[in-house]
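Participant: Model the structure of this input:
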Amino acid sequence: MKIRGLKFLVITFFAITTLFANQAQVQGFVERFYQTVLDRHSDTDGLNYWTNSLLNGERAGADIARGFIFSQEFTNRDTSDQDYLYILYRAFFNREPDNDGYFYWLDNIRNGVSREEVLYGFLYSTEFYNLCQEYGISPIDAVPIDNNDNKPPVANAGNDQTINLGDTIYFDASGSYDTDGVIVSYKWSNGSNSYTTSNVYDSFVPTGLVVGNNIFTLTVTDDQGATATDTVNIIVKDSSNGDDELPDIKKK
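Facilitator: Predicted coordinates:
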């Protein structure tokens, strides 16, 4: 189910913000989740667990948020959709809902968007980031976003090449593209060789090539983890044996 009209703000952070947090700040962050989400004061064991996990970098702000919202205790509260949204605004944004935002999310829920999807809309928001910064903790340590709107990239491994055995191969992935993001890695492989780079153009002398046709696969990965592949034929001749007769292989 897609969230209508929603564009997630994807934020990548370094976990160094926890270095500037003190115990009292972090305890305050944890305590407010007990009160806003579970509607009670913290117990000693729970407060210490979450506080220490945040301080030592094992957990980030998003982890504690998911831990409370997905807890059995919160599930047992059996909140209405309206109450659920009020809790998210108070817990993640530290404020009451604004009229437009509240009815936007309520409309999405009524049209089949799950509460988990709504939660991620709050998690990956500027307001939650700012709230975590106020308490000196890292908002998100990893960002595995399942964004149903993401379109996969398109891979283009370039034209077929003819080389002599032992020559350098010059790979060209410049025809690859991503319509709604960026390509972050290019992987060239053919069984015995595998090279991953962030460069559109790359070159190397592969091992294990045979005289004749060698197929290399290009795998491109975009900034949200989607992939695409294409192949290129590397036709190798052995010039030491006067091997100038090559198979007639054309680019697909």
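
Participant: Show the contacting residues for the nearest residue to Q161 once chain neighbours are set aside.
Facilitator: Spatial nearest neighbour of Q161, excluding adjacent residues (C-beta to C-beta, 6 or more residues apart in numbering): I234 at 5.4 Å. Backbone N, C-alpha and C define where each C-beta goes, glycine included. Residues near I234 by C-beta atoms under 8 Å, 6 or more residues apart in numbering: D160, Q161, I163, I169, N190, L209, N213, N214, I215, F216.

Participant: Among these, which ones are in strands?
Facilitator: Using DSSP state E, Q161, I163, I169, N213, N214, I215, F216 are the members of these that sit in strands.

Participant: Make a ChimeraX selection of the buried ones in the residues you listed.
Facilitator: Per 16 or more other C-beta atoms under 10 Å, the buried members of the ones in strands among the contacts of I234 correspond to this ChimeraX selection:
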select :161,163,169,214,216
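
Participant: closest to N52 among the ones in strands among the contacts of I234?
Facilitator: Taking C-beta to C-beta as the measure, N52 lies nearest F216 of these, at 48.9 Å.

Participant: check contacts around the nearest residue to that closest one once chain neighbours are set aside.
Facilitator: Spatial nearest neighbour of F216, chain neighbours left out: N190 (4.5 Å); criterion: C-beta to C-beta, 6+ apart. Neighbouring residues of N190 by C-beta under 8 Å, 6+ apart: P206, N214, I215, F216, T217, I234.

Participant: Let's verify the nearest residue to the second one once chain neighbours are set aside: helix, strand, or coil?
Facilitator: What it means is N214. Sequence neighbours aside, I234 is the residue nearest to N214 in space, at 4.5 Å (criterion: C-beta to C-beta, 6+ apart). In three-state terms, and counting by DSSP: H, G, I helix; E, B strand; the rest coil, I234 is strand.

Participant: Show me the strands in the stretch 151-252 of the chain, by range?
Facilitator: Here the stretch 151-252 of the chain has its strands, by DSSP state E, counting those that start in this stretch, at 161-164, 169-172, 183-189, 194-197, 201-204, 212-222, 227-237.

Participant: Columns mean pLDDT and distance to G46 on top of the ones you listed, output as a markdown table?
Facilitator: Converted to a markdown table, the strands of the stretch 151-252 of the chain look like this (pLDDT from 0 to 100; distance: least, C-beta to C-beta, whole Å):
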| stretch | mean pLDDT | distance to G46 |
| --- | --- | --- |
| strand 161-164 | 93 | 61 |
| strand 169-172 | 92 | 53 |
| strand 183-189 | 89 | 38 |
| strand 194-197 | 86 | 42 |
| strand 201-204 | 84 | 51 |
| strand 212-222 | 92 | 39 |
| strand 227-237 | 93 | 40 |
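
Participant: Distance of the residue nearest to N214 relative to V211?
Facilitator: For I234, the distance to V211 equals 11 Å [C-beta to C-beta, to the nearest Å].

Participant: which secondary structure element contains R95?
Facilitator: Assigned by DSSP states H and E, R95 belongs to no helix or strand.

Participant: Phi, psi for it please.
Facilitator: With angles defined as degrees, to the nearest 10, R95 sits at phi -160, psi 170.

Participant: what's around it, how many residues?
Facilitator: Residues lying near R95 (other C-beta atoms under 10 Å) number 10.

Participant: Pull up the gap between the spatially closest residue to it that is not a sequence neighbour and L131, please.
Facilitator: The shortest distance from R95 to any non-neighbouring residue, by C-beta to C-beta, 6+ apart, is to Y89 (6.2 Å). To L131, Y89 is 11 Å away according to C-beta to C-beta.

Participant: hmm, back to that, in TSV, list the contacts of I234 along with distance to V118.
Facilitator: Shown next, in TSV, are these (distance: C-beta to C-beta, whole Å):
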residue	distance to V118
D160	49
Q161	50
I163	54
I169	49
N190	45
L209	53
N213	52
N214	50
I215	46
F216	44
